Structure formats: structure tokens, C-alpha cells
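In: any chance you could fold what I've pasted below:
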Amino acid sequence: MGQIAAGHTCAIKTASGGLISADWCIEHFAPVLVGLPDLAEADPARPELLIHEETVRSKHVQIYYTPFDRSIDPGAKVILVGVTPGRQQFRLAVQAARAALVEGCSPEEAVRRADETASFAGPMRKNAVTMLDAIGLADALGITTTSTLFDEHAGLCATTSAVCHAMFVDGETKSGDEIAKTPIFRAFATQVLGAELRGVPDALVIPFGKTAAEAVRLNIESGDVSAERCLVGFPSPAGGNGHRKRLFELEQDRLVAAVKAWAAR
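Out: Residues are numbered from 1 along each chain as shown. Below you'll find the predicted structure:
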């Protein structure tokens with residue numbers, strides 16, 4: 001698997017070491033993406049994209065390269081942090097990057113298109129916008145609605161995950177607690193996510209759900225990220241989170257106050 005056009009930068013390359021390989025990057029995977037067939041919706045995982053596999057506490061852990069290794073814009077005002085790309089996001093990102101590369105686009109453009117197309121795609125994005133608007137984030141940023149953070153005002157917002165590549169535990173991406181118990185989760189959270197958060201030191205950090213919050217907490221505990229700019233406690237906007245509305249109502253007033261405090265700074 002050879003390198004192609006150098007020049008791409010991302011936290012995977014700059015923070016690699018230990019369990020994290022610098023090869024888990026678009027520069028290495030672009031030729032593989034170009035050679036892939038269309039991914040089946042039911043099972044998008046392809047052996048060519050498998051980058052890590054292990055058994056942890058009798059759980060089968062697999063990580064598949066996902067073209068979300070895009071550098072965070074230093075001008076971003078908000079960083080939205082998920083847990084790991086879901087099955088739909090994984091498929092859409094791979095297809096978008098593959099199409100861009102086949103057109104002759106650069107690897108950098110390929111990951112940009114993947115991010116624009118697939119980040120928090122589906123019901124999760126709609127739910128996130130409703131919740132983010134309700135805590136006053138649009139007002140704090142001077143925009144009409146946070147839905148524009150995914151298109152017109154994309155430069156204000158960066159999207160990432162505790163594990164930026166699609167991570168499956170026993171074939172599922174829903175097992176947040178199981179994901180958090182793995183050594184590879186901690187490596188991604190402290191090395192890759194940590195590098196991304198440190199690179200934009202004034203941005204508001206919003207982890208989606210308790211597993212993403214655990215990844216952010218690891219960086220708070222190390223002293224690398226200030227707790228004051230992290231909205232720990234924001235519920236996961238995933239469509240499968242049946243407790244989302246109740247949890248959000250419990251946290252809303254605190255989150256509104258935290259956004260106002262961040263904006264005032």
C-alpha cells in the first residue's frame with residue numbers, strides 16, 4: 001500500500017505512536033479507496049479497510065479506515081465530538097471520498113467531501129441541530145440556526161470523534177461502554193482527539209453522549225484541555241437514544257449557561 005501525493009496533514013499523522021499508526025491516513029488509503037466496489041448498505045465493512053483487530057474482555061474489536069482524517073480548521077469556533085462513525089456514516093464517507101478520488105481530486109479534497117457528506121449524517125444531524133439551537137449556540141455564533149454549520153457556515157464548526165475511524169465491537173457500533181473499555185479507545189482519545197482539541201484551544205467542545213464525554217474527560221484530566229470550554233453532559237443526539245429528550249431537559253439550563261459563559265469569554 002504505497003503513499004500518494006504528500007502534503008496531507010492530520011492528527012493521525014502528527015500524533016501517531018504506540019497503538020496509533022501514521023499509516024491510518026488518506027495518503028496511504030487513497031489507492032485502496034479507488035479500487036473498492038460500491039459498499040453494500042447492509043454490510044459496508046471491507047477487509048481492505050481493516051486497520052486494527054483485537055479481542056478485549058471476550059469482545060471482538062475491529063476498526064476500519066474511514067476518510068475522516070481531516071485537519072481541524074484553526075478558525076473553528078465549535079468542535080462536535082461523537083464516539084465513532086456509525087455504519088451509515090462509514091459507508092457514506094467512503095463512497096464520497098472514493099468518488100472524489102476517481103474524479104481526480106486530491107486526498108485533501110476527498111476527506112473534505114467525506115466530512116461534508118457524512119459527518120453526523122441522518123437523524124443524528126437533525127436531532128443535534130434541534131438541541132444545539134435550544135442551548136443558544138446559534139445566537140452565540142451569530143447565525144440563524146446551527147443547521148448552517150454543516151454547509152454555509154461549515155468553517156465555524158469542526159466535527160470529529162473519540163475514535164475517528166469506524167469501530168465495531170462484536171459487529172456493532174452501539175456498544176459505547178464496551179468501546180470505552182478498550183486500550184485503542186484511550187489511545188485515540190488521548191493522542192488523536194487530544195491533538196485536535198489542543199490545536200484549537202479556544203473552541204467550544206461539545207461531546208455527544210457519555211462515551212464521547214469520557215474521551216474528552218481524559219484530556220481534561222491530563223491538563224491538556226480546559227474543562228470550562230467543554231460541554232460535558234450534552235446527551236447523544238443519536239436516533240437510537242431513547243432517553244435523549246429526558247436527559248436534555250435535565251441538562252438544558254446548565255448547558256445554556258455554559259454556552260453563554262463561553263461566548264462571554
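In: where does pLDDT dip in the stretch 1-150 of the chain?
Out: Counting by pLDDT under 70, the stretch 1-150 of the chain contains low-confidence ranges at 1-7, 39-44.
In: recalculate using a threshold of 90.
Out: Within the stretch 1-150 of the chain, the stretches with pLDDT under 90 are 1-10, 13-14, 36-46, 55-60, 70-73, 86-89, 115-125, 150.
In: which helix runs longest in the protein?
Out: When secondary structure is assigned using DSSP state H, the longest helix within the chain turns out to be helix 244-264.
In: what residues does it touch?
Out: Under the contact criterion Cβ atoms under 8 Å, 6 or more residues apart in numbering, helix 244-264 has outside partners 127, 131, 134-137, 140, 204, 228-229, 231, 233-238. Placement of C-beta: from N, CA and C, glycine included.
In: now these: which count as buried?
Out: 127, 131, 135-137, 140, 204, 229, 231, 233-238 (16 or more other Cβ atoms under 10 Å).
In: out of the contacts of helix 244-264, which are inside helices?
Out: Here DSSP H is the test, and the contacts of helix 244-264 give 127, 131, 134, 137, 140 as lying in helices.
In: including distance to Arg98, could the residues you listed go into CSV?
Out: Formatted as CSV, the ones in helices among the contacts of helix 244-264 follow (distance: Cβ to Cβ, whole Å):
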residue, distance to Arg98
Asn127, 28
Met131, 32
Ala134, 36
Leu137, 33
Ala140, 37
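In: closest one of those residues to Leu80?
Out: Nearest to Leu80 out of these is Leu137 (Cβ to Cβ; 10.0 Å).
In: residues touching that closest one, list them.
Out: So Leu137 contacts 78, 146, 204, 259 (Cβ under 8 Å, 6+ apart).
In: can you pull the buried residues of the helix or strand hosting Pro31?
Out: Per DSSP states H and E: Pro31 is located in helix 26-35. Under the neighbour-count criterion of 16+ other Cβ under 10 Å, helix 26-35 has 26-30, 33 buried.
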